[in-house]
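J.: Okay, predicted coordinates and the sequence, questions at the end:
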2 protein chains.
Amino acid sequence: MEPEALIPPDDLLALAHRLADRAGEVIRPYFRSGIEAEGKADGSPVTLADRAAEEAIRGALAAAVPDHGVIGEELGRENEGAELVWVIDPIDGTKAFITGKPLFVTLIALLHRGRPVLGLIDQPITRDRWIGAAGRATLLGGAPARVRRCPAVAEARVSTTGPQYFTAEGRRAFERVAARASLVSFGGDGYQYGLVASGSLDVVIESGLKLHDWAALGPVIEGAGGVVTDWQGRPPGTGGDGDVVACGDARCHAEVLALLAGAG
Amino acid sequence: MEPEALIPPDDLLALAHRLADRAGEVIRPYFRSGIEAEGKADGSPVTLADRAAEEAIRGALAAAVPDHGVIGEELGRENEGAELVWVIDPIDGTKAFITGKPLFVTLIALLHRGRPVLGLIDQPITRDRWIGAAGRATLLGGAPARVRRCPAVAEARVSTTGPQYFTAEGRRAFERVAARASLVSFGGDGYQYGLVASGSLDVVIESGLKLHDWAALGPVIEGAGGVVTDWQGRPPGTGGDGDVVACGDARCHAEVLALLAGAG
């Protein structure tokens, strides 16, 4: 029998808010400030803001919950065997950040024995913030967020960050869904998942997401009535290829999975 | 000899600001309000906000400058033979609007004898507003905007709204540029051109733009040191196919045109 998921108490939600506040304070002055991207081993752009924000978050965690673990996109893993581990991506959507598009987000998740029980998606420029946690309704800016009813892909607003992030096979699978959708929109990284939680989008399909990209998504979307899985319908991260499908409506999700698998 | 372009006086710039203020007031309450897209003959989504904002702008124009012409995306042409004609697209980026992404913009342009002499790009949610006019430096939020130095495509941040807006041939042409670029980002509609003017993006390549989509772009980008043409290097709209290339740096623009034409 699977152990009960921790219901995060208020003080952990308050801590998540403080971490996002700190990250936003650090990030905002860098946005459109003319700084250039530095190179990273894998070629993806990363900014000084990314690193500085992760340092600020780690500092706040060390002061508040020194016994918790931390996994960050920029600065590695610390005490990752702890019962409670924070997973942070200070700037998800570095290309959006670099190109001046206010769609990048700070992603913060809390894992309890490896399972996400709290997720926060924050856009520091527009100040949109979604927070979700096991046993609670997801909030956007303090008000309840709710997914949109969307019983079929034909009615769905579908989004992905960009077609270049799929493998050739993944792209064909995405195209099978896109061809049936009511609307297809590009761009948004982690921001898109918040938009599913608050009913602006119905479907987000992506590939190659790492733990720090997807850990926050489940609590946010499930707390708003939606569902997040990999392309086979398993919990995100199961297959190790980072495929993610987020849907507001479970009926639409079932149809998307079938289309991704090759039906239609 | 070509006649001199009108240098728009202060009162016309102030009027453009007032039009954008009115549009923003009308649009903001509709954003993420749960309204559904209504159908349009060409299948593109359009919202109640689009129509209400254009009505508000037309009302303000009729009161302030009844002798000027108006061409609007939603409500047609009026007195279009006038020496001064306003061209308005209340919500450029209706898909972004519908999917909750704060990248849609209000576009306002003023034509003098058919030639754009004033352009305004406004994002009502982030409150980013670029205004440019013949004989003046482009402003973003009241401060001078300036393009980024980018001598070659290899250093360029390239953006387009989505690959689905190109013809098959256009998409191959775009891919020739994208393959050489430093970074490719999707999404943004008219917002992207403001980002060129303020140096966050170096290149925007699009197809199928109509007069109301491109009329505001030249004054904004040229007043910031950049260049906007069609894919053959002519003024936008020359060939009638709505191809647009906007670049911050003329050297990069020359290389982009060659790549679009099939070089490389």
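T.: Ah, there it is. What you are looking at is a predicted structure, and each value in this text was computed from that prediction instead of being measured.
J.: Could I get the full set of strands for chain A?
T.: Ranges of strands in chain A, per DSSP state E, are A:69-72, A:76-78, A:84-92, A:105-112, A:115-123, A:128-133, A:139-140, A:143-144, A:157-160, A:183-186, A:203-206, A:227-229, A:244-247.
J.: Averaged pLDDT, the first one. What do you get?
T.: Looking at strand A:69-72 alone, the average pLDDT works out to 97.
J.: Where does pLDDT dip in chain A?
T.: For chain A, applying pLDDT under 70 flags the ranges A:1-4, A:34-46, A:264.
J.: Residue numbers of the stretch 101-250 of chain A in contact with chain B?
T.: Residues of the stretch 101-250 of chain A found near chain B (Cβ under 8 Å from any Cβ of the partner chain) are A:101-103, A:125-126, A:148, A:157, A:159, A:161-164, A:183-188, A:191, A:195, A:198-201. Any C-beta I mention is one placed from the backbone N, CA and C, and that applies to glycine too.
J.: What about the residues you listed, which are in helices?
T.: In helices, judged by DSSP state H, the following of those are found: A:191, A:195.
J.: before we move on, the earlier item: and the strands of chain A as JSON lines, adding mean neighbour count?
T.: Shown next, in JSON lines, are the strands of chain A (neighbours: other Cβ atoms under 10 Å in any protein chain shown):
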{"stretch": "strand A:69-72", "mean neighbour count": "20"}
{"stretch": "strand A:76-78", "mean neighbour count": "13"}
{"stretch": "strand A:84-92", "mean neighbour count": "26"}
{"stretch": "strand A:105-112", "mean neighbour count": "27"}
{"stretch": "strand A:115-123", "mean neighbour count": "26"}
{"stretch": "strand A:128-133", "mean neighbour count": "26"}
{"stretch": "strand A:139-140", "mean neighbour count": "22"}
{"stretch": "strand A:143-144", "mean neighbour count": "10"}
{"stretch": "strand A:157-160", "mean neighbour count": "27"}
{"stretch": "strand A:183-186", "mean neighbour count": "23"}
{"stretch": "strand A:203-206", "mean neighbour count": "27"}
{"stretch": "strand A:227-229", "mean neighbour count": "21"}
{"stretch": "strand A:244-247", "mean neighbour count": "26"}
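J.: So for residue B:255, which of these sits nearest?
T.: With Cβ to Cβ as the criterion, residue B:255 lies closest to strand A:183-186 of the strands of chain A, at 24.7 Å.
J.: which helices and strands sit right next to that closest one?
T.: Contacts defined by 3 or more Cβ pairs under 8 Å, 6 or more residues apart in numbering or on different chains; DSSP states H and E place strand A:183-186 against strand A:157-160, helix B:94-98.
J.: Partner strands of the first one and their direction?
T.: With DSSP bridges as the criterion, the sheet partners recorded for strand A:157-160 are strand A:183-186 (parallel), strand A:203-206 (parallel).
J.: Redo the ones you listed as a markdown table? Include distance to residue B:82.
T.: As requested, these are exported to a markdown table (distance: least, Cβ to Cβ, whole Å):
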| stretch | distance to residue B:82 |
| --- | --- |
| strand A:183-186 | 37 |
| strand A:203-206 | 46 |
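J.: Compare those and give me the one nearest residue B:115.
T.: Residue B:115 sits nearest to strand A:183-186 of all these, at 32.7 Å, using Cβ to Cβ.
J.: picking that back up, same list, the helices and strands packed on strand A:183-186, but as a markdown table with distance to residue B:82 please.
T.: Listed next are those as a markdown table, based on distance: least, Cβ to Cβ, whole Å:
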| stretch | distance to residue B:82 |
| --- | --- |
| strand A:157-160 | 40 |
| helix B:94-98 | 28 |
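J.: among these, which is nearest residue A:205?
T.: Proximity to residue A:205, assessed across the helices and strands packed on strand A:183-186 by Cβ to Cβ, is greatest for strand A:157-160 (5.3 Å).
J.: Look up how far residue A:230 lies from residue A:117.
T.: 19 Å (Cβ to Cβ, to the nearest Å).
J.: With residue A:119 instead?
T.: Distance of residue A:119 to residue A:230, given as Cβ to Cβ: 17 Å.
J.: quick one on the thing from earlier: wait, which of the strands of chain A is closest to residue A:19?
T.: Taking Cβ to Cβ, strand A:105-112 is the member of the strands of chain A nearest to residue A:19, at 5.5 Å.
J.: what's the closest one packed up against?
T.: Strand A:105-112 sits against helix A:10-27, strand A:84-92, strand A:115-123, helix A:211-214, with contacts defined as 3+ Cβ pairs under 8 Å, 6+ apart.
J.: Mind checking the strands paired with strand A:157-160 for the one nearest to residue B:235?
T.: Of all the strands paired with strand A:157-160, strand A:183-186 sits nearest to residue B:235, with 28.1 Å by Cβ to Cβ.
J.: contact partners of the closest one?
T.: A:156-163, A:178, A:201, B:37, B:45, B:95-96, B:98-99, B:101, B:161-164, B:186-187 (Cβ atoms under 8 Å, 6 or more residues apart in numbering or on different chains).
J.: Likewise for stretch A:8-21?
T.: Contacting residues not belonging to stretch A:8-21 are listed as A:57, A:60-61, A:64-65, A:86, A:88, A:106, A:108, A:110, A:112, A:117-118, A:120, A:122, A:129, A:131, A:133-136 [Cβ under 8 Å, 6+ apart].
J.: And it, what's buried?
T.: Buried residues in stretch A:8-21, defined by neighbour count with 16 or more other Cβ atoms under 10 Å in any protein chain shown: A:8, A:12, A:13, A:15, A:16, A:19, A:20, A:21.
J.: Tell me the spacing between the third one and chain B.
T.: Put plainly, it is residue A:13. 23 Å (Cβ to the nearest Cβ, to the nearest Å).
J.: same question, the fifth one
T.: Between residue A:16 and chain B the computed distance is 22 Å (Cβ to the nearest Cβ).
J.: same question, the last one
T.: Relative to chain B, residue A:21 is positioned 19 Å away (Cβ to the nearest Cβ).
J.: How much space separates residue A:210 from chain B?
T.: 20 Å.
J.: do residue A:53 as well
T.: Computed as Cβ to the nearest Cβ, the residue A:53 to chain B distance reads 19 Å.
J.: Give the full set of residues in contact with that residue.
T.: Going by Cβ under 8 Å, 6+ apart, residue A:53 touches A:22, A:23, A:26, A:27, A:90, A:91, A:106.
J.: Residue A:109 bridge partners, please.
T.: Beta-bridge partners of residue A:109, as defined by DSSP bridges: residue A:87, residue A:119.
J.: Distance of it relative to chain B?
T.: 22 Å.
J.: didn't that residue look like it was pressed against residue A:86?
T.: Yes - in this structure, residue A:109 is within contact of residue A:86 by Cβ atoms under 8 Å, at 7.1 Å.
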